[in-house]
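>>> model this:
(one chain, ligands or ions: 1)
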Amino acid sequence: MFTKDQVKINNLISGTTKVYGIIGNPVTFSLSPMIQNTLSSFLEIDSIYLPFPVEDGRLSNAIRGGHALNIQGFNVTHPYKQDVMGHLTYIDPLAKQIGAVNTLKYEGKGYSGYNTDADGLYTSLKQNNISLEDKEIIVLGAGGAARATLMMAAKYGARSIYILNRTLDKADLLAIEVKKYYNINVEVLPLDEWHKLPGDCICFQTTSVGMGKSKDKAPIDHDDFYKKISVAIDLIYNPFETLFLKKAKRQGSYTINGLGMLLYQAIKAYEIWNNIELTDSQLRQIEDTIERNIPI
Ligand code: NAP
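Coordinates of the predicted model:
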């Protein structure tokens with residue numbers, strides 16, 4: 001027995017429906033299918049978006065399979081954002097700079113690769129009226145998300161960037177990468193030397209500390225660290241409010257979680273696939289619909 005909504009969805013899928021999806025491992029808990037399918041319903045675009053779990057060692061097969069099946073585009077998530085770059089016919093300059101691809105678009109001969117994480121994060125800041133121009137920036141972490149954050153902060157006019165990471169070598173390498181592209185002051189510190197940081201900073205929390213098994217932890221524990229932060233952005237969105245954000249809020253910081261970044265990177269990918277640009281009013285309506293449907 002079908003419900004009315006199921007019948008409606010089934011009737012919407014036809015021989016002309018374009019297929020998109022997300023590849024990664026795992027993809028079980030991804031919110032991307034919900035976000036992308038909501039966008040198609042809202043904009044009345046004939047496409048569907050599915051989760052495609054790709055086992056270790058099968059990325060190349062998955063890309064060739066996608067090509068053979070005329071799948072129009074993919075989002076790429078952990079652990080394939082770097083590896084996928086070896087399977088593309090074109091890589092956008094921003095994705096090259098970030099060193100990772102999260103969006104593939106089928107363009108005739110194969111897939112082109114883009115990175116929408118930095119744009120997504122930037123849009124999330126803009127929606128909160130936060131400017132990076134001439135600001136002191138702290139980035140906690142030196143993984144893939146940190147790299148997108150650093151390039152974004154340098155691109156949008158930060159005065160100095162301080163990278164704090166558990167593994168110092170990784171932060172050193174990231175600092176070298178940013179300076180290759182931007183003329184900016186970048187300093188590296190271990191996490192426990194936070195007291196050397198200046199005050200009134202915008203701080204991006206890009207480590208995985210604060211989610212899953214570490215949901216009761218923050219990368220820096222000392223409350224005095226949070227007094228140095230005027231705006232705290234955590235890239236984690238589940239939980240909605242990490243311990244990092246709670247501590248920052250307690251010291252008076254303006255706080256932003258990672259949901260905006262997730263949403264806007266997804267919208268940017270949708271715009272690339274469909275060659276469209278959403279208006280501010282469409283953005284606001286979509287935000288409302290999606291936020292009401294988030295199962296967190
Ligand atoms: P990643 O490349 O694996 O990097 C993980 C980072 O976390 C590294 O800097 C690592 O430090 C640090 N870390 C891990 N465990 C730690 C611990 N116990 N103590 C201190 N530092 C620790 O991961 P990623 O791709 O950058 O993702 C990082 C986070 O960003 C994840 O939570 C992810 O969900 C989130 N994210 C959100 C969005 C969004 O749309 N909102 C997009 C991308 C990522 P070491 O270098 O010392 O190992």
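
>>> And the residue of the stretch 1-150 of the chain that's closest to the ligand?
Nearest residue of the stretch 1-150 of the chain to the ligand (CB to the nearest ligand atom) works out as residue 143 at 2.0 Å. (Each C-beta comes from the backbone N, C-alpha and C, glycine too.)

>>> measure the closest residue in space to that residue that isn't next to it in sequence to the ligand for me?
Using CB to CB, 6 or more residues apart in numbering and skipping residues adjacent in sequence, the residue nearest residue 143 is residue 206, 6.8 Å away. From residue 206 across to the ligand, the span is 5 Å (CB to the nearest ligand atom, to the nearest Å).

>>> I would like the residues contacting the helix or strand where residue 147 lies, please.
Assignment of secondary structure by DSSP states H and E places residue 147 within helix 144-155. The contact list for helix 144-155 (CB atoms under 8 Å, 6 or more residues apart in numbering) reads 81-82, 94, 97-100, 115, 117-119, 121-122, 132, 137, 139-140, 161, 163, 165, 174, 177-178, 181-182, 184, 186, 204, 206, 235.

>>> I'd like the next helix or strand past that helix.
Moving toward the C-terminus from helix 144-155, the next helix or strand (DSSP H and E) is strand 160-165.

>>> which parts of this structure sit against the ligand?
117, 141-146, 165-167, 170, 206-209, 211, 219, 235-237, 258, 261-262, 265 (CB under 6 Å from any ligand atom).

>>> Narrow those residues to those in helices?
Among the residues of the chain next to the ligand, the members falling in helices (DSSP state H) are 117, 144-146, 170, 261-262, 265.

>>> For those, which entry has the maximal number of neighbours?
Greatest neighbour count in those, by other CB atoms under 10 Å, goes to residue 117: 30 neighbours.

>>> Now for the residue lying closest to residue 214 once chain neighbours are set aside, how many residues are close by?
In this structure, residue 214 finds its nearest non-sequential neighbour in residue 208, 7.2 Å apart by CB to CB, 6+ apart. Residue neighbour count, defined by other CB under 10 Å, stands at 16 for residue 208.
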